[in-house]
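A.B. asks: Need a 3D model of the following:
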Amino acid sequence: MTDKEHDRNSTTQLTARDSRELLTRSWMKAQPSVFAFVIASTPQFSDAEDLLQEVAAEVAIRFDEYDPKRPFLPWALWVAKIKIADFYRLKKRERLVFAGEAIDALAAACTRVQSLMSEEQGALEHCLKETTGRTRQLLLLRYAEDLKPRQIAKRLSMSAAAVRVTLSRARSALGKCVEQRLGRKTS
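C.D. replies: Prediction:
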C-alpha cells in the first residue's frame, strides 16, 4: 500500500461506529462556520440552506477521505468550496461573486473564527467548573434543562425576579471570568 492509499484509508482504520461518531462530533462543531461560509458565498439565504444540506451529504460521503490527524473544519470548507463551485456552474452565473483568492480568504476567516470560538468555549467550561452552590444550580436549570426563570422560581421556591437577577449576575461573572482566562481586559 502506498503512503497516499494509507492516508486515504486512515478513517477506515476506525471502527464504523467510531467513524460515525467522529463524523457527527466534527460536523456539529464545524457546521456553524461552514454555514457562515456558505451564506457569505451565495446570493440568497434559501440557496445557502440547500447548499449546506448538500455539503453535509458530501462530507458524509467523502468522510473516508478525511485524515483525522488534521483539523476537520478546513477539510469541510474544502468540500463546501467544491459544492459552491458546482452551485454556480449549475446556475450558469456569468460572474462569480466569490472566486479564487476571495473564497480562500473567506474560508480562512471561518477557520479563525472557529478557533476563537473553541478557545472561548474552553474558557467558559473552566469558569463554569468554578461556579458553585445556588448559582451553579440556577445555571444548570436554565441552560442544561432549558427551564424559564418562572419555572426555576417555582422549583426552587424563589421569586422569578430573584432568579432573573441571579442569572444576570452569573452571566456577567462568567463573562468576566472568560475574558480574564483569555487574557483580555474587562471593562
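A.B. asks: which residue is nearest the middle of this structure?
C.D. replies: K29 (3.6 Å; C-alpha atoms, centre = their mean).
A.B. asks: Where do the helices of the chain begin and end?
C.D. replies: For the chain, applying DSSP state H gives helices covering 3-8, 16-41, 45-62, 72-91, 101-130, 133-139, 149-156, 160-181.
A.B. asks: residues in contact with the residue located most distally from the centre of the chain?
C.D. replies: Note on the chain: the largest C-alpha distance from the chain mean falls to S157, namely 36.4 Å (C-alpha atoms, centre = their mean). By C-beta atoms under 8 Å, 6 or more residues apart in numbering, no residues touch S157. In this view, the C-beta of every residue, glycine as well, is placed from N, C-alpha and C.
A.B. asks: out of the helices of the chain, deepest packed?
C.D. replies: helix 72-91 (a mean of 18; mean count of other C-beta atoms under 10 Å).
A.B. asks: which residues sit against it?
C.D. replies: Applying C-beta under 8 Å, 6+ apart, the contact partners of helix 72-91 are 26-27, 29-30, 33-34, 37-38, 41-42, 47, 51, 54-55, 58-59, 62, 66-67, 96, 98, 103, 107, 110-111, 114.
A.B. asks: what is the orientation angle of that helix with helix 45-62?
C.D. replies: 120 degrees (axes from the mean of the first three to the mean of the last three C-alpha atoms, to 10 degrees).
A.B. asks: Average pLDDT for helix 72-91, rounded please.
C.D. replies: Mean pLDDT, helix 72-91: 87.
A.B. asks: try stretch 51-63
C.D. replies: Mean predicted confidence for stretch 51-63 is 93.
A.B. asks: which residues are in contact with it?
C.D. replies: Counting by C-beta under 8 Å, 6+ apart, 11, 19, 23, 27, 31, 34-35, 38, 42, 76, 79-80, 82-84, 87 sit against stretch 51-63.
A.B. asks: cool, and stretch 121-130?
C.D. replies: Counting by C-beta under 8 Å, 6+ apart, 136, 139, 174, 177-178, 181-182 sit against stretch 121-130.
A.B. asks: quick one, phi/psi of P43?
C.D. replies: phi -80, psi -30 (degrees, to the nearest 10).
A.B. asks: Oops, could you answer that again for G183 instead?
C.D. replies: According to degrees, to the nearest 10, G183 has phi 80, psi 20.
A.B. asks: give me the number of residues near it?
C.D. replies: 7 (other C-beta atoms under 10 Å).
A.B. asks: Lowest average pLDDT across the helices of the chain?
C.D. replies: For the helices of the chain, the weakest mean pLDDT is recorded on helix 3-8, namely a mean of 44.
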